[in-house]
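Visitor: Need coordinates for the following:
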Amino acid sequence: MKVALISMRPKIANKQANLKTMESYVKKTSADMYIFGEICLTGYRCKDELRDLAEPVTGPSISYMKKVAKAHTCYLIFGMPLLDKTIKGLIHNAAVLIHPNGTVDTYNKWFLPTFGPFEEKLFFDEGEHLPVFKTKFGKIGIIICYDLFFPELCKAYALQGADIVICLSASPSTTRKYFETLLPARAIENTVFMIYVNLVGTQEDLTFWGGSQLHSPLGTVLAKSPYFKESCVDCDVDLNDIQRARANRPVIRDMRPEIYHDLYNLSRYHTKPTKK
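Guide: Residues are numbered from 1 along each chain as shown. Down below sits the predicted model:
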């Protein structure tokens, strides 16, 4: 499978321009799967405008990209503000996966940073599901940016059979060292391919560093885009590497499920209940 990692510089609140940019990358690069960054449809720093820019799954932007996926027989993954399917007025920081046949899957970001320059809980509702999506190449799980800091999500995907975990991001330059530390760790501790796709460019007080990258199940960097530059890098992914990695480092086999019960109690009550 060939994947294309696009470090895109989205135009703020200009969905039509950003759709055209995404389509242009698909047209000029040959790949099976094209991956764009967090909220690349609208740009990250839209604040109150997000409520007006958000669309449902059946909205015009996804419909447009469905035609692109069908025309090029490819998978597309990108971020956008998505209206809740059930409750009016709620929006999610979402990732959209469009299949070549037009099927659409979505993931809603679980962990919404609301500290320092980040204000996501002011605008978005938290996700509650961890779906694994089947493709003709293998199973994938998707996380978004700050989700990477919570290893339980990637572990949950690995235990559901995910071969690849994809992280869409809008990470500013001040957090680069954290992401570049955590990405290989998540790959190694779950023996999955980790794909990271970040935005580039400056939006108000944030400068996104790009640096999209792909890590093997043993943490080796297989592809990496330049920092602070809009770019597209592609790489072949051999899912057979997962079996070899799990023979070399059998972390999935050796995990101890009972620890998760203990972690719940430690997190909920800050103490481990004593056995009676």
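
Visitor: residue boundaries of the helices in the stretch 51-200 of the chain?
Guide: Secondary structure of the stretch 51-200 of the chain (DSSP state H, counting those that start in this stretch): helices located at 60-72, 151-159, 176-190.

Visitor: got the buried residues for the longest one?
Guide: Applying a neighbour-count criterion of 16 or more other C-beta atoms under 10 Å, the buried positions in helix 176-190 are 176, 179-180, 182-184, 186-190. Placement of C-beta: from N, CA and C, glycine included.

Visitor: Likewise for the shortest one?
Guide: Applying a neighbour-count criterion of 16+ other C-beta under 10 Å, the buried positions in helix 151-159 are 153-155, 157-158.

Visitor: in the stretch 151-276 of the chain, what spans have low per-residue confidence?
Guide: 272-276 (pLDDT under 70).

Visitor: Do you have the strands of it handy? List them.
Guide: 164-169, 193-198, 200-203, 206-209, 213-215, 221-224, 231-236 (DSSP state E, counting those that start in this stretch).

Visitor: residues touching Y34, list them.
Guide: Y34 makes contact with 3-4, 6, 22, 25-26, 74-77, according to C-beta atoms under 8 Å, 6 or more residues apart in numbering.

Visitor: Save these as JSON lines, and put in pLDDT and distance to H99 too.
Guide: What follows is the contacts of Y34, written out as JSON lines (pLDDT from 0 to 100; distance: C-beta to C-beta, whole Å):
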{"residue": "V3", "pLDDT": "98", "distance to H99": "15"}
{"residue": "A4", "pLDDT": "98", "distance to H99": "16"}
{"residue": "I6", "pLDDT": "98", "distance to H99": "18"}
{"residue": "M22", "pLDDT": "98", "distance to H99": "16"}
{"residue": "Y25", "pLDDT": "98", "distance to H99": "18"}
{"residue": "V26", "pLDDT": "98", "distance to H99": "14"}
{"residue": "C74", "pLDDT": "98", "distance to H99": "9"}
{"residue": "Y75", "pLDDT": "98", "distance to H99": "6"}
{"residue": "L76", "pLDDT": "98", "distance to H99": "9"}
{"residue": "I77", "pLDDT": "98", "distance to H99": "10"}
